[in-house]
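In: Fold the stuff below for me.
(chains A and B)
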Amino acid sequence: MIGLSHYLVVSAILFSIGLVGVLRRRNLLMLFFATEVMLNAVNIAFAAISHYYNDLTGQMFAFFVIAIAASEVAVGLGILIVLFKKFGSLNLDDLANMRG
Amino acid sequence: MYEMIAFYLFSALTIGLFIVTVMSKNVLYAMTSLAAGMVLISGFFFILGADFLGVVQLIVYVGAVMALYSFAMMFFDATRDIKEKNTSSALVFLLGGMSALVLVLMFAAPMHSDAITALYPMHKGVGNAQDVGIVLFTKYLVPFEVAAVMLLVAMIAGIILAGKKMDKSLTKDTAVDDEILVVKDKK
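Out: Sure thing, here's the model as predicted:
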């Protein structure tokens, strides 16, 4: 039978995949994708805990996470477009212009 | 039984698709596999009985967010493969080791899961959407309104940031166009 820990393990694996993406990608768009993966992994954990403890709070938090992710994407893509206009690239190594 | 089959199928497919998202060199492949993974995650929500959350996941994530990404692809050169310089392996080992340590600490942390009582328990015989609506519009009304204002702010910010100089093309070489115009004028 599928228990809470099954869902939590899947959620942890997906979160680790997103974390690996954030650590190893150098393209800003790919960093956004990895962030989406991490947010989705957290949502699975929230929904699973909400189901197994018969509590609606987890689902509420998942809703707010989705709202925050949507607004993050809207602002972030605007910033990415401005950066692409300025530098012609989304690679983090090309964007480094503060050499201290 | 069916729940078990669905759970293992969805988890295997989601993990595979998200690995493709993280490792792929092509932006279009990464975006497509991310969208497919999000559809499967909504399947997890339906298994868990969170029907409304699953529908919201489908509409907001797969519908709106991925459409936003695919519209943003028009601004970037999506057909070219991404060239990335690999970071030094020592740094990768350090960061990976630290992340693994954090995960182990999280799993080993003592949990008092027996002491948890439901703050807003689900009701028997009431649909999930009704339950969610009652709790969302009574207990979580203020965060809901704040989230609405935040989405409005994000929309305005997106329009302002992306809308400046929309008449200038980003990917097309404007000098080539000017030359063509000059040649036409000479003729």
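
In: what separates B:Leu136 from A:Gly3, distance-wise?
Out: 28 Å (C-beta to C-beta, to the nearest Å). Heads up, the C-betas are built off the backbone N, CA and C, glycines and all.

In: Of these two, which one has the most company?
Out: Per other C-beta atoms under 10 Å in any protein chain shown, whichever of B:Leu136 and A:Gly3 has more neighbours is B:Leu136, with 19 against 10.

In: In this structure the more buried one contacts A:Phe63, no?
Out: Yes: counting by C-beta atoms under 8 Å, A:Phe63 is a contact partner of B:Leu136 at 7.2 Å.

In: Go ahead and flag the most central residue of the chain.
Out: Picking chain A for this. Closest to where the C-alpha atoms of chain A average out (C-alpha atoms, centre = their mean) is A:Thr35, at 2.4 Å.

In: not what I meant, chain B
Out: B:Tyr61 (6.1 Å).

In: In contact with the residue nearest to that one when sequence neighbours are not counted, which residues are there?
Out: Once flanking residues are discounted, B:Tyr61 sits nearest to B:Met38: 4.7 Å by C-beta to C-beta, 6 or more residues apart in numbering or on different chains. Listed by C-beta atoms under 8 Å, 6 or more residues apart in numbering or on different chains, the contact partners of B:Met38 are A:Glu36, A:Asn40, B:Gln57, B:Tyr61, B:Val62, B:Met66.

In: Which of the helices or strands spans the last one?
Out: With the criterion set as DSSP states H and E, the secondary-structure element containing B:Met66 is helix B:66-72.

In: buried ones in that helix?
Out: B:Met66, B:Leu68, B:Tyr69, B:Ala72 (16 or more other C-beta atoms under 10 Å in any protein chain shown).

In: Among those, show me the least confident.
Out: Lowest pLDDT among these: B:Ala72, with 82.

In: what packs against the host helix or strand of B:Thr14?
Out: Using DSSP H and E, B:Thr14 sits in helix B:2-23. Helices and strands touching helix B:2-23, as assessed by 3 or more C-beta pairs under 8 Å, 6 or more residues apart in numbering or on different chains; DSSP states H and E, comprise helix A:4-24, helix A:28-52, helix B:27-47.

In: by how many degrees do the lengthiest helix in chain A and helix B:27-47 diverge?
Out: Using DSSP state H to define each element, chain A has its longest helix at helix A:57-87. Helix A:57-87 runs at 170 degrees relative to helix B:27-47, counting by axes from the mean of the first three to the mean of the last three C-alpha atoms, to 10 degrees.

In: which residue packs closest to the residue of chain B found nearest chain A, ignoring adjacent ones?
Out: Nearest residue of chain B to chain A, counting by C-beta to the nearest C-beta: B:Leu161, 2.8 Å away. Using C-beta to C-beta, 6+ apart and skipping residues adjacent in sequence, the residue nearest B:Leu161 is A:Gly78, 2.8 Å away.

In: what's near enough to touch the one you found?
Out: A:Gly78 neighbours (C-beta under 8 Å, 6+ apart): B:Ala157, B:Gly158, B:Ile159, B:Ile160, B:Leu161, B:Ala162.
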